[in-house]
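Student: 3D, please:
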Amino acid sequence: MINKIVRSMADAMAGIKDGSTVLLAGFGSVGQPNQLIEGLIEQGARELTVAANNAGSGHVGLARLMELGRVRKIICSFPRSSDPVVFETLYRSGQIELEIVPQGTIAERMRAAGAGIPQFFTATGVGTKMAVGKEHREIDGRTYILENALKGDVGLVEAWEADRWGNLTYKLAGRNFNPVVAMASELSIVQTQHVRELGELDPDHIVTPGIFVDRVLHVPYGDPGSF
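Tutor: This next block holds a predicted model:
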């Protein structure tokens, strides 16, 4: 019987290795699997490469993971947020690497990894520092640069609903990067607000099929309107 529901955070985080590439979903705090980030902190993996929309804020979640010295490199679109003190302190002192990737490109790099596409051409970044050292090609009179797929050893995902097979739905803007993170990761770990019985999820509402999901942890929180 297929049952991807795990009983504890320790079970969800089991086996994550030092040096892993971790894909982190979320746009700011919306759709971000905050409890799984805390679980990763407790799990103890180090020398991580983290790909996310931003580099965290304050001293919680991703920022705390970095502050504890557990992140070697951050790949993101917005390293400066409203309160990026942890990232900026680490970066200015040479304690963390940064790779800036345009938001659409980072999403497509993850989607490509999930679809088995190793590289693709995009016009985004042409003529900027982000294009330095990358292959350029002219196609139909326009210049493009070659980008590599972005595959994760681990993906941390937040869903609105899940069943025991790992089928997922998302709520409104909470969807954001979550589907591509699940697709692009060797080990996809999901925190979900609700667990439904098989057959209760409307097939038309399932965005991430269970084939892309390995572990599901039930993490109810907030009020009915929260993401």
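Student: looking at this protein, which helix or strand does the model trust least?
Tutor: helix 85-92 (a mean of 91; mean pLDDT, DSSP states H and E).
Student: Could you tell me which residues within it count as buried?
Tutor: 86-87, 90-91 (16 or more other Cβ atoms under 10 Å). Heads up, the C-betas are built off the backbone N, CA and C, glycines and all.
Student: will you turn the residues you listed into JSON lines that also has distance to residue 70?
Tutor: Compiled in JSON lines, the buried residues of helix 85-92 are given as follows (distance: Cβ to Cβ, whole Å):
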{"residue": "86", "distance to residue 70": "12"}
{"residue": "87", "distance to residue 70": "13"}
{"residue": "90", "distance to residue 70": "11"}
{"residue": "91", "distance to residue 70": "15"}
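Student: if we can go back for a sec, can you name the element that comes right after the least confident helix or strand of the chain?
Tutor: Counting by DSSP states H and E, the next helix or strand C-terminal to helix 85-92 is strand 97-100.
Student: Partner strands of that following strand, with direction?
Tutor: strand 71-76 (parallel) (DSSP bridges).
Student: Work out the gap between the strand it pairs with and the centre of the chain.
Tutor: Here the centre of strand 71-76 is set off from its chain's centre by 12 Å, with Cα atoms, centre = their mean, to the nearest Å.
Student: May I see the buried residues of it?
Tutor: Neighbour-count burial for strand 71-76 [16+ other Cβ under 10 Å]: 71-72, 74-76.
Student: ok, so of the residues you listed, who is nearest residue 182?
Tutor: residue 75 (17.4 Å; Cβ to Cβ).
Student: mind showing which ranges of the protein have poor pLDDT?
Tutor: Applying pLDDT under 70 to the chain flags the ranges 82-84, 222-227.
Student: ok, longest helix in it?
Tutor: Under DSSP state H, the helix in the chain containing the largest number of residues is helix 103-115.
Student: Next secondary structure after that helix?
Tutor: Criterion used, DSSP H and E; the element after helix 103-115 is strand 119-122.
Student: Describe which strands that next one pairs with in its sheet and in which direction.
Tutor: Strand pairing (DSSP bridges) places strand 119-122 next to strand 142-148 (antiparallel).
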